[in-house]
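Undergrad: Here is the input, now give the coordinates:
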Amino acid sequence: MTTVALVHFSAVELYPPVRNLIRELEKNQSFDRLIVLTTAPQKNIERFYVADPRIKIFRLNEFDRRQGTIRRLWNYFVFNFTSLLLLIFYNPASVLYFETLSSFPVFLFKRFFKPRVKLLVHYHEYISPDEFRTGMVLLRWFHQYEKWLYPRSVWVSHTNEFRMELFKQDIAPVQVPHSFILPNYPPASWLTIRKPSTTWPVKIVYIGAFSLKMMYTREFAQWVIDQAGTVIWHVYSSNFSKDANDYLKSLNTEFIDLKPGVDYDKLPEILKGYEVGVILYSGAIPNHTLNVPNKLSEYLSCGLDVWFPSEIKGSLSYCNQDAYPKVMALDFKSANGWILQEMMNKDGLKQNLITFSCEEALMPLIHCLMDDSKLQKAAVSSKSEK
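TA: The predicted structure is shown next:
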């Protein structure tokens, strides 16, 4: 029986790329069983389920960063210890882990229990050396161990070239023999054809984690208010900070509304009611500066214009004002200089046909995860290292 394992410490409900991968794996007949080792989301978040009996999702505990230190440490221990036991019990032929926080049970499994296991690694985010140095000790400790895994992996990927290049520089002299770029795209079914028209007031949407830190929340909210009703801004979030919530309430305006988070599969239905999707990262850390946010491709697929801060260098290649939907990099520090009529004007523009999809983007990863020849090469490599 061929078993494949995905190890993803953070709740998969909060990570659309992992949900899309699991659904694509449902279509694949090259494995007998898929185990997903993760944690449970907060109780107000809808659970992600799949009907395929071959796929079993283990939510090993409920993790919340707002928990006290002792509780969080206990949850880290439970996840790592239980994950290792499950890997030993199910004995997968290949393992894909996501992010450094998921790496330690995989390190122990490959180092001491199954050196020949085929190993794949993917990073949703980029963490700089400074962030490792000043951040959580446990994360820094795990990262030192996972460096042993990189040369023994058949796949290590980041979401774009900028992040991958910095990642390789950061871990030198450790080598990554098989590096890949794996962008985050929504399903092809999200593709929406729209007419190049503008309805007033312009409806703008933001979806995702919401905060006053490292985001142009205040600047954009003030700009919306200054438009005196020509724009309406709705925020959908199940992960917002208290100060951001309090700030929006303090504005006491009918033009801004913070709404509950929406399940990923329901986003296309929600997004069709808006004309512009906004991204607010201020570029305060390299992970944001080098980012191509999931929301950029999701907004685009649903036919929305996209506005993002010009500091987000990783997204600049998507900029396009010669076709619709438009993608614009803007100076959020000087939003009072924006000319809304020009930004929304689409006269004479042709449609920018969106061709990307998660189905296409995930094909190389799934092929590598399931390909027996890659497994044989990993086994030979492990023998030669002994």
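Undergrad: which sections of this structure are below the confidence cut-off?
TA: 1, 64-66, 372-386 (pLDDT under 70).
Undergrad: ranges for the helices of it?
TA: 16-26, 69-90, 103-108, 129-134, 137-146, 161-171, 217-226, 242-251, 267-271, 286-289, 294-301, 340-344, 358-370, 372-385 (DSSP state H).
Undergrad: Now tabulate those helices in JSON lines and tack on mean neighbour count and distance to Gly261.
TA: C-beta here means a position set from N, CA and C on the backbone, and glycine is covered the same way. Rendered in JSON lines, the data for these read as follows (neighbours: other Cβ atoms under 10 Å; distance: least, Cβ to Cβ, whole Å):
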{"stretch": "helix 16-26", "mean neighbour count": "20", "distance to Gly261": "12"}
{"stretch": "helix 69-90", "mean neighbour count": "16", "distance to Gly261": "22"}
{"stretch": "helix 103-108", "mean neighbour count": "23", "distance to Gly261": "28"}
{"stretch": "helix 129-134", "mean neighbour count": "12", "distance to Gly261": "26"}
{"stretch": "helix 137-146", "mean neighbour count": "16", "distance to Gly261": "26"}
{"stretch": "helix 161-171", "mean neighbour count": "16", "distance to Gly261": "26"}
{"stretch": "helix 217-226", "mean neighbour count": "18", "distance to Gly261": "16"}
{"stretch": "helix 242-251", "mean neighbour count": "14", "distance to Gly261": "13"}
{"stretch": "helix 267-271", "mean neighbour count": "18", "distance to Gly261": "10"}
{"stretch": "helix 286-289", "mean neighbour count": "20", "distance to Gly261": "21"}
{"stretch": "helix 294-301", "mean neighbour count": "24", "distance to Gly261": "13"}
{"stretch": "helix 340-344", "mean neighbour count": "13", "distance to Gly261": "27"}
{"stretch": "helix 358-370", "mean neighbour count": "18", "distance to Gly261": "20"}
{"stretch": "helix 372-385", "mean neighbour count": "14", "distance to Gly261": "38"}
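Undergrad: so which of these comes closest to Ile279?
TA: Distance to Ile279, taken as Cβ to Cβ, is lowest for helix 294-301 among the helices of the chain, at 5.8 Å.
Undergrad: helices and strands around that closest one, which ones?
TA: helix 16-26, strand 202-207, helix 267-271, strand 276-278, strand 305-309 (3 or more Cβ pairs under 8 Å, 6 or more residues apart in numbering; DSSP states H and E).
Undergrad: Columns distance to Pro115 on top of these, output as CSV?
TA: Output for the helices and strands packed on helix 294-301, formatted as CSV (distance: least, Cβ to Cβ, whole Å):
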stretch, distance to Pro115
helix 16-26, 25
strand 202-207, 43
helix 267-271, 42
strand 276-278, 46
strand 305-309, 44
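Undergrad: For stretch 99-107, measure first residue to last.
TA: End-to-end distance of stretch 99-107 (Cα to Cα, to the nearest Å): 13 Å.
Undergrad: Check the offset of that stretch from the chain's centre.
TA: Computed by Cα atoms, centre = their mean, to the nearest Å, the chain-centroid distance of stretch 99-107 equals 17 Å.
Undergrad: what's the distance between the nearest residue to Ile207 once chain neighbours are set aside and Arg23?
TA: Setting aside the residues directly before and after it, Ile207 is nearest to Tyr236 in space (Cβ to Cβ, 6 or more residues apart in numbering), at 4.7 Å. Tyr236 sits at a distance of 22 Å from Arg23 (criterion: Cβ to Cβ, to the nearest Å).
Undergrad: and what of Ile256?
TA: Distance, Ile256 to Arg23, using Cβ to Cβ: 34 Å.
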